[in-house]
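Enquirer: Attaching a predicted model along with its sequence, questions to come.
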Amino acid sequence: MAEGLLEIKDLDVGYKTYRGVTSVLYNLNLKVNRNETIGVIGESGCGKTTTMKTINQILPDNAVIKSGEVNFKGKDILNMTEKELVKLRRRNVSMIPQDPTASLNPLFKVKTQMKDVLKYSRQNSEDLDFKEETIKLFNSVALSDPERVYDSYPFQLSGGMRQRVCIAMSLAAPKDLLIADEPTTNLDVTIQDQVLRLIGEILEEMNFSAILVSQALGLVKKFVDKIYVVYGGTVIEIADTEKIFENPIHPYTKGLIESTPKLTGGGFSSGIAGQTPDYIDPPSGCRFHPRCPHHSEDCKTEKPKMREFEKNHYVACWRQ
Amino acid sequence: MAENLIEVKNLKKYFDMEAGTVKAIDDITFTIKENEVFGLVGESGSGKSTTGKVLMGIHPPTEGEISFREHDISISSSGRAKAIKRDMNMVFQDPGGSLNPTKTVLDIVGLPLRIHDMVDGKKEMAKEVYQLLNTVDLDPERFMYRRPNDLGQGEKQAVAIARAIATDPSFVVLDEPTSALDVSIQAKIMNILIDLQDEYNMSYLFITHDLGLMRNIADRVAIMYLGRFFEVADSHVFFETPLHPYTKVLLGSFPTTTKEEEKLKPDLKARGEIPSAMDLPSGCRFHTRCPFKEEKCLETEPELVEVQEDHFVACHLVNGVDDVEYDVEEVEQEEKEFEYDIEGIEMKT
Ligand SMILES: Nc1ncnc2c1ncn2[C@@H]1O[C@H](COP(=O)(O)OP(=O)(O)OP(=O)(O)O)[C@@H](O)[C@H]1O
Ligand SMILES: Nc1ncnc2c1ncn2[C@@H]1O[C@H](COP(=O)(O)OP(=O)(O)OP(=O)(O)O)[C@@H](O)[C@H]1O
Ligand SMILES: [Mg+2]
Ligand SMILES: [Mg+2]
């Protein structure tokens, strides 16, 4: 039996906005075992980053956690004191943020920012040669010119270089759980491959776990064991990676996989019809029903339960 | 024959840093035609964004010429005519950093309209912005009065695209414009971009690491490595019969979702360290990572030559489509041994 590391239960999170409080995450459930890498996919604005920021408790001020549990090693993160949270972030959970530009401070050189990270995340950091450690990390994420990067301001680096600086920061002290929110959007495929393989090796060696959030389905397919598909703040399908691509069940998952542009050409699909839900007043029942070609009356009134469709393949849809 | 919209000749852009000079663009020559999507792929840090920024006048070129409909624009943006500035726009790589966090979406998208006197008063501006948001698939009612910090990453990108097309420009640099969008919205936005291009006769410089996306949007594609172009060809030629070893390596590493795509991928993997942009290798700057390198590759830098109509390659070992002096299959075995090697090294670090 796999050992659980993180378990999110019935999480509801929204934001205060000028139109009222939104309901973004809605009964979201997610589980990560030790030594497991899961992928989280779903369209822009479906709540992926919100979920990840809840785990690390770095949500913006206007966020409202309404209910739910986020159990990490059996302890609910939502009930932790500030002191416990600081420890959690420094020792247990690290995050590669989605927007590398926004998460690096534009006013400080990379070396200053790396030093801070090393100082707080490593034990016995007084004896550390910060420069040497940093250069080593930069080499491991395939940054050429590590010395120059070390001495640069963020704006003097290319998008992919900034992203690798963020990755290096998150790997400065490997932790039980690595959350990677779109970690490679700015990297070319060869470096992408190299960096993700490196992360994979670290995870395996240390018996750690990871959550990879990405729109790049090809990439997810290559690197994760299990996929969670999120729509409108809730999980609608879970399966082993191969299964999702071979046999997607939920109409939304199908639409997503069909929309991937192919190396073989053939133009763009029309995408999934309709817009993402308005979180102020989200659709009743199944949140996907207004966009679903197969919906019927019960889809409008009741939220579909997650049930096992086949072994290791779960789906929340009334029509399946 | 389509007219040339942008002509770039022997363009160089160097950045002087304390540690040395970074040759971000090191002598590139190309044209973008009217109504064309010109794609740019390549190594991270190879100079793609810098190329876009130099065309936009954000950085003045170190050397070389750029013209736009035959007007010289080899200068920074402040020296350019207002009409030209209105006609060129850019969607920046990191959507977050390019949007003013203190402004609402309405003001952000409306700003270029105001600067270029294209609207009369707030009300008309709001009307225009309403339409633009609809165009990029953002519900105006919900998004008009929100600020960048309250938006998801993909929503920010959609706002940046709306802003870039606000003034009906003829030319737009799209730097990873959909990297944060899911494939479904991406497909919608790509269709919108293609429609806009047809309808208003626009041209794009399109930069992306997503080769699947590139295959489906670009008319022509160039591949860049450490500031130089290695291969330029029509999109289908580029993807189906690439000639430069680096192009093959890049295509070979692309993660795909279907078996048909797998078949199209050359069987070459990346190897070696990426050289420093401040201390370039001698001869062909790719030789340190090329499985086929020969004596001459270490000595002289290959020029970009036309090996068949509209297909340009910069490689000593490629003299024509049928005259390629290297053999991919031959290195496959070697490649396998090499894989073990890398694994050995990685275990140690
Ligand atoms: N600070 C905030 N205030 C109000 N609404 C917010 C805030 N941050 C995010 N949202 C909204 O919450 C929803 C979910 O956002 P989130 O960033 O979690 O999406 P995502 O799945 O990560 O999307 P993407 O793929 O675009 O990064 C979006 O509709 C977004 O507009
Ligand atoms: N303002 C600047 N000052 C100094 N160096 C710079 C500046 N802007 C870019 N560079 C350097 O120029 C090189 C090319 O950067 P550029 O941003 O054009 O790369 P890119 O091809 O867009 O990469 P990516 O795919 O990672 O976005 C990099 O080595 C970068 O560090
Ligand atoms: Mg996100
Ligand atoms: Mg770039």
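Expert: Looks like it arrived, so ask away. Ligands and ions are numbered 1, 2, ... in the order given.
Enquirer: Could I get the phi/psi values of the residue of chain A found nearest ligand 3?
Expert: Ligand 3 sits closest to A:Thr49 of chain A, with a gap of 3.1 Å, by Cβ to the ion. Using the backbone N, CA and C atoms, a C-beta is placed for each residue, glycine as well. Main-chain dihedrals, A:Thr49, degrees, to the nearest 10: phi -60, psi -40.
Enquirer: do the one 3 residues further on as well
Expert: As for A:Met52, its main-chain torsions (degrees, to the nearest 10) stand at phi -60, psi -40.
Enquirer: could you measure the residue of chain A closest to ligand 3 against ligand 4, distance?
Expert: Distance check for A:Thr49 against ligand 4: by Cβ to the ion, to the nearest Å, it reads 22 Å.
Enquirer: Same check on B:His116?
Expert: From B:His116 across to ligand 4, the span is 27 Å (Cβ to the ion).
Enquirer: How about A:Ser284?
Expert: Between A:Ser284 and ligand 4 the distance is 43 Å, computed by Cβ to the ion.
Enquirer: tell me, how many neighbours does that residue end up with?
Expert: 13 (other Cβ atoms under 10 Å in any protein chain shown).
Enquirer: Once you drop chain neighbours, what's closest to it?
Expert: Distances taken as Cβ to Cβ, 6 or more residues apart in numbering or on different chains place A:Lys300 nearest to A:Ser284, at 5.8 Å, with adjacent residues excluded.
Enquirer: same thing with B:Lys265?
Expert: Using Cβ to Cβ, 6+ apart, the closest residue to B:Lys265 is B:Gly252 (5.3 Å).
Enquirer: Next: B:Glu262.
Expert: Nearest residue to B:Glu262, sequence neighbours excluded (Cβ to Cβ, 6+ apart): B:Thr256, at 5.9 Å.
Enquirer: Enumerate every residue touching B:Thr241.
Expert: B:Val321 (Cβ atoms under 8 Å, 6 or more residues apart in numbering or on different chains).
Enquirer: Next, it: phi, psi?
Expert: Backbone torsions for B:Thr241, taken as degrees, to the nearest 10, come to phi -130, psi 60.
Enquirer: May I have the predicted confidence score for it?
Expert: The per-residue pLDDT reported for B:Thr241 equals 92.
Enquirer: measure it to chain A for me?
Expert: 14 Å (Cβ to the nearest Cβ, to the nearest Å).
Enquirer: burial of the residue nearest to B:Glu262, as a residue count?
Expert: Applying other Cβ under 10 Å, I find that B:Thr256 has 22 neighbouring residues.
Enquirer: pretty sure B:Glu330 is in a helix, no?
Expert: Yes: when classified by DSSP: H, G, I helix; E, B strand; the rest coil, B:Glu330 is found to be part of a helix.
Enquirer: Can you report how many residues neighbour B:Ile223?
Expert: 26.
Enquirer: Kindly report the same for B:Glu34.
Expert: Here the number of neighbours of B:Glu34 (other Cβ under 10 Å) works out to 15.
Enquirer: Check A:Asp127 too.
Expert: Burial of A:Asp127 is recorded as 6 neighbouring residues (other Cβ under 10 Å).
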